[in-house]
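**Q** have a look at this prediction, sequence included:
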Amino acid sequence: MGITITAFEKSPDGGKGLARDTRVRWALEEAGLPYEVRLVSFSAMKEPAHLAIHPFGQIPTYEEGALALFETGAIVFHITENHGGLLPQDADARSRAIMWMFAALNSVEPPILDLFTARVLEGDKPWTAERLPLVQGRIRARLEQLSTRLGNADWLDGAFSAGDLLMVSVLLRLRMSGILNEYANLAAYVARGEARPAYQRAFAAQLAVNAPQPAG
Ligand code: GTB
């Protein structure tokens with residue numbers, strides 16, 4: 001049964017891995033699954049056809065036969081559950097990997113998203129200069145804790161898992177702020193994730209959509 005995901009027709013970052021279809025593409029590549037991509041514009045995302053799949057009018061979505069999913073955590077979990085590859089066999093290790101998936105999305109991603117909101121979406125507000133240090137402080141507090149837990153390990157809990165895939169996906173969005181590089185082990189952890197062949201394929205596929213077309 002074929003898999004189709006949605007992605008930005010024109011990603012604001014030029015397809016450099018920041019939009020969330022990257023993590024879905026990455027999970028699909030890790031599982032060795034072929035997939036098709038339906039590109040959608042910002043206006044098409046708010047149209048009834050897309051809203052029927054994604055009630056919040058966003059990307060990515062995931063369709064496989066009669067199944068339609070939104071939310072990257074649920075999509076990555078579905079891929080690992082049904083197509084294997086990113087969750088350990090051992091029951092306890094599996095539960096811990098799932099715990100890290102939730103940790104990435106519930107405990108680490110929110111303060112990182114706040115930075116984007118404070119800088120980009122609400123960067124023209126008069127309180128921005130006062131707000132930014134607070135937001136950055138919350139990120140640093142969480143990264144300090146994560147850095148301590150990761151220590152010298154390659155991955156969060158033994159072998160690379162869906163927990164690492166989501167955690168790396170969440171952290172890499174911080175690179176441009178400079179904050180990620182304040183934590184050498186986390187920067188190396190993200191680089192290890194990005195060096196995986198499956199990530200490289202996912203990144204290249206997303207970039208290809210957004211690459212300027214040769215003239216003529
Ligand atoms: N919780 C949802 C999930 O995990 O699936 C969040 C989905 C989401 O935020 N989707 C964004 C979207 O569709 C794209 S990823 N936004 C359009 C809208 O809401 O109208 C967020 C994103 C977009 C672009 C960049 N970038 O170019 O730098 C980075 C991140």
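**A** Sure, I can see it. Residues are numbered from 1 along each chain as shown.
**Q** rest of the way, CA atoms for contacts and neighbours
**A** Fine.
**Q** how about the helices in this structure?
**A** 21-30, 48-51, 72-83, 91-102, 109-116, 128-150, 162-171, 184-195, 197-210 (DSSP state H).
**Q** pull out the buried residues from the longest one.
**A** The reference is to helix 128-150. Under the neighbour-count criterion of 16 or more other C-alpha atoms under 10 Å, helix 128-150 has Leu132, Val135, Gln136, Arg138, Ile139, Arg140, Arg142, Leu143, Leu146, Ser147, Leu150 buried.
**Q** what parts of the protein come near the ligand?
**A** Counting by C-alpha under 6 Å from any ligand atom, the chain comes close to the ligand at Ser11, Pro12, Asp13, Leu18, Ala19, Arg20, Gln58, Ile59, Pro60, Phe70, Glu71, Thr72.
**Q** rerun that using 8 Å as the cut-off
**A** Neighbours of the ligand within the chain, by C-alpha under 8 Å from any ligand atom: 8, 11-21, 42, 45-46, 56-61, 70-73, 105, 173.
**Q** among those, which ones are buried?
**A** Buried among the residues of the chain next to the ligand (16+ other C-alpha under 10 Å): 8, 11, 14-21, 45-46, 57-61, 70-73, 105, 173.
**Q** among those, which ones are in strands?
**A** Residues of those located in strands (DSSP state E): Phe8, Thr61, Phe70.
**Q** so how far is Leu172 from the last one?
**A** Just to be clear, that refers to Phe70. Phe70 sits 21 Å away from Leu172, taking C-alpha to C-alpha, to the nearest Å as the criterion.
**Q** let me know the closest of the ones in strands among the buried ones among the residues of the chain next to the ligand to the ligand.
**A** Phe70 (6.0 Å; C-alpha to the nearest ligand atom).
**Q** which residues touch the closest one?
**A** Residues counted as contacts of Phe70 (C-alpha atoms under 8 Å, 6 or more residues apart in numbering) are Ile53, His54, Ile59, Pro60, Thr61, Tyr62.
**Q** any idea how far the fourth one is from Met176?
**A** Relative to Met176, Pro60 is positioned 23 Å away (criterion: C-alpha to C-alpha).
**Q** cool, the third one as well?
**A** Computed with C-alpha to C-alpha, the distance linking Ile59 and Met176 is 22 Å.
**Q** quick revisit: tell me the one of the contacts of Phe70 nearest Ala188?
**A** Pro60 (27.2 Å; C-alpha to C-alpha).
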